[in-house]
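In: the amino acid sequence is not available; the structure is as follows:
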């Protein structure tokens, strides 16, 4: 899961964003999915940005869906990640 190395810092910033207001103490990892682009080669510079794709409630739990888009130095999207966190009720 090499993509996690360059994607995680961006998604962590989104998870802890005060505007998202996620109760991290009650959070569990729900799902993770990657869509691949061109192969990343050693020495490439990868930049990742994260965004909130959806926040919703189901059965008393909060679902937070984030997306990361990682591009190489040529502007090619090498990986798009979808990260779902579930926040249990207190």
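Out: Yep, that arrived. Note that the coordinates shown come from a computational prediction; the quantities given were computed from them, not determined experimentally.
In: tell me if residue 5 really is in a helix.
Out: Yes. Membership of residue 5 in a helix is supported by DSSP: H, G, I helix; E, B strand; the rest coil.
In: show me where pLDDT drops low in the chain?
Out: Scanning the chain for pLDDT under 70 picks out 1, 90.
In: what about the strands in it?
Out: Listed in chain order, the strands of the chain (DSSP state E) span 27-36, 47-58, 61-71, 77-87.
In: let's have the ones you listed in CSV, adding distance to residue 13 and mean neighbour count.
Out: Just so you know, the C-beta spots here come from the backbone N, C-alpha and C atoms, and that holds for glycine as well. Formatted as CSV, the strands of the chain follow (distance: least, CB to CB, whole Å; neighbours: other CB atoms under 10 Å):
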stretch, distance to residue 13, mean neighbour count
strand 27-36, 15, 12
strand 47-58, 7, 14
strand 61-71, 10, 19
strand 77-87, 12, 19
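In: redo those strands as CSV? Include distance to residue 2.
Out: Below are these laid out as CSV (distance: least, CB to CB, whole Å):
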stretch, distance to residue 2
strand 27-36, 10
strand 47-58, 13
strand 61-71, 11
strand 77-87, 9
